[in-house]
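Chemist: After the sequence you'll find the predicted model.
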Amino acid sequence: MIRFVNAKINIGLNVVGKREDGYHDLETVFYPVGLECGLPHQPEPFDDVLEVTYDGGEVSGCRFQFVGRRIDCPPKKNLVVRAASEFLGKYNANYGDLGNFGMFEITLDKHLPDGAGLGGGSADASFTLEMLNEVTGNKFSKEALSRMALKLGADCPFFLENTPCFASGIGEELTPIELNLKGYTLLIVKPEEYVSTADAFAGITPKKPDFNLRFLPFLPVEEWKGKVENDFETTVFAKHPELGELKEKIYESGAIYASMSGSGSSIYGIYRDSESANAERERLKSTYQGIWLFGL
């Protein structure tokens, strides 16, 4: 079984409160992007490619192979490895030994960038859960898979929905919304800068947003600028001014909305016409290796 693993962008991201457990309450809109969502892109590969197979031999276990871009992460922290461990442990606890399934082989061809705010690692984890569930007979419901996914990351459950959602809590409380950007063009640029989550949260002061993102589908995209904001831009752009400059360049090129995605370093622009978006891609491609164009 092979699937293309898509990413997401955050449309707006508001830090609305500090929790007793040390985490923050957030409000955001997740919008999926990639081949899995029917969104072709150009020019270079974007989606991760995940393959899950098994044989029915006498030896049972799980082998992993990681190809494509180098993954600089020890196995015990790798989200694909952790997802497989979580799933197989739950399966054995609920349905008995998986020995009859023989040896699982999981291969990940990595393309989605790290530290980009696009949820690549979280998506890999959720797709791993979903695919293992399928090859073992779909014994777990989506709700059960979501509980497993949440143990791996706050935004992991979203990739089991993989449809535009308003997210609250730490990102795990999901409400599907009717947000359709068909006809627009999306440009995503991933600079080399790495933004840590700690840096993004440093200096953040939770506050009630001026615009409630629950109502995003009722606000025309042309009116998002100045109303739909990512609170992390304040702290991140202060430490990485080149990211703020990139956002302004995207606006100057004709984008009707531009933003940083999540707490990472990718900047995206939404364009009314594909010509302006493609012209900007051509202009930026000599500076940035990570640059993709999507027809929404």
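Modeler: Sure, I can see it.

Chemist: May I have the distance across stretch 39-47, first residue to last?
Modeler: 11 Å (Cα to Cα, to the nearest Å).

Chemist: Repeat that for stretch 217-232.
Modeler: OK, stretch 217-232 end separation, Cα to Cα: 22 Å.

Chemist: Buried residues of it, list them for me.
Modeler: 221, 224, 228, 229, 230, 231, 232 (16 or more other Cβ atoms under 10 Å). Every residue, glycine included, has its C-beta placed from N, CA and C.

Chemist: Same check on stretch 242-255?
Modeler: For stretch 242-255, by 16+ other Cβ under 10 Å, it's 243, 244, 246, 247, 249, 250, 253, 255.

Chemist: returning to that earlier point: just put the buried residues of stretch 217-232 in TSV and tack on pLDDT.
Modeler: Listed next are the buried residues of stretch 217-232 as TSV, based on pLDDT from 0 to 100:
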residue	pLDDT
221	97
224	98
228	98
229	97
230	97
231	96
232	95
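
Chemist: At which residues are the helices of the stretch 51-200 of the chain located?
Modeler: 79-95, 120-135, 142-152, 158-161, 197-201 (DSSP state H, counting those that start in this stretch).

Chemist: Residues contacting the last one, please?
Modeler: Spelled out, it's helix 197-201. The contact list for helix 197-201 (Cβ atoms under 8 Å, 6 or more residues apart in numbering) reads 15, 24, 232, 235, 236, 239, 263.

Chemist: Tell me the one among these nearest to residue 205.
Modeler: Of all the contacts of helix 197-201, residue 205 sits closest to residue 15, with 7.9 Å by Cβ to Cβ.

Chemist: what about that closest one, distance to residue 193?
Modeler: Distance, residue 15 to residue 193, by Cβ to Cβ, to the nearest Å: 21 Å.

Chemist: Compare those two (neighbour count), which wins?
Modeler: residue 15 (23 against 15; other Cβ atoms under 10 Å).
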